[in-house]
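Peer 1: Would you be able to build a 3D model of this:
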Amino acid sequence: MAILLWLAIPIVAAIGAATWVSTRGRAASPEEQQRGISEMQRFQEAMLRPLPRREDED
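Peer 2: Residues are numbered from 1 along each chain as shown. Just a heads-up that it's a prediction; the model follows:
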């Protein structure tokens, strides 16, 4: 009976991994894609802005 448990663990892990990969690998909906693009644009704009100067750096 113990051997069945040892054999079941990798089988369950493989099924879980396959489920995870298929879920994460699916194409995003157009709304999710647009949100990701707009967030990336906001990030790039924020990176282009200069950092605020600290008052004690004078």
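
Peer 1: per-residue confidence averaged over the longest helix anywhere in the chain?
Peer 2: Among all segments of the chain classified by DSSP state H, the helix with the greatest residue count is helix 2-24. Confidence over helix 2-24, taken as the mean pLDDT, stands at 93.

Peer 1: Quick check: next helix or strand after that helix?
Peer 2: Where DSSP states H and E defines the elements, the next helix or strand beyond helix 2-24 is helix 30-48.

Peer 1: now could you export just the CA positions of that following helix as PDB?
Peer 2: This file holds the C-alpha atoms of helix 30-48, laid out as PDB (Å, rounded to 0.1, in the frame of the first residue of the first chain):
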ATOM      1  CA  PRO A  30      -8.200  42.000 -24.600                       C
ATOM      2  CA  GLU A  31      -9.100  43.900 -21.400                       C
ATOM      3  CA  GLU A  32      -6.200  42.300 -19.500                       C
ATOM      4  CA  GLN A  33      -3.800  43.100 -22.400                       C
ATOM      5  CA  GLN A  34      -4.900  46.700 -22.500                       C
ATOM      6  CA  ARG A  35      -4.500  47.100 -18.800                       C
ATOM      7  CA  GLY A  36      -1.000  45.600 -19.000                       C
ATOM      8  CA  ILE A  37      -0.100  48.000 -21.800                       C
ATOM      9  CA  SER A  38      -1.300  51.000 -20.000                       C
ATOM     10  CA  GLU A  39       0.400  50.000 -16.800                       C
ATOM     11  CA  MET A  40       3.700  49.600 -18.700                       C
ATOM     12  CA  GLN A  41       3.300  53.000 -20.300                       C
ATOM     13  CA  ARG A  42       2.700  54.600 -16.800                       C
ATOM     14  CA  PHE A  43       5.800  52.800 -15.500                       C
ATOM     15  CA  GLN A  44       7.900  54.000 -18.400                       C
ATOM     16  CA  GLU A  45       6.700  57.600 -17.900                       C
ATOM     17  CA  ALA A  46       7.500  57.400 -14.200                       C
ATOM     18  CA  MET A  47      11.000  56.100 -15.000                       C
ATOM     19  CA  LEU A  48      11.600  59.100 -17.300                       C
END
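
Peer 1: So what touches it?
Peer 2: Residues from elsewhere that reach helix 30-48 (Cβ atoms under 8 Å, 6 or more residues apart in numbering): A28. C-beta here means a position set from N, CA and C on the backbone, and glycine is covered the same way.

Peer 1: Many thanks, I have nothing further to ask.
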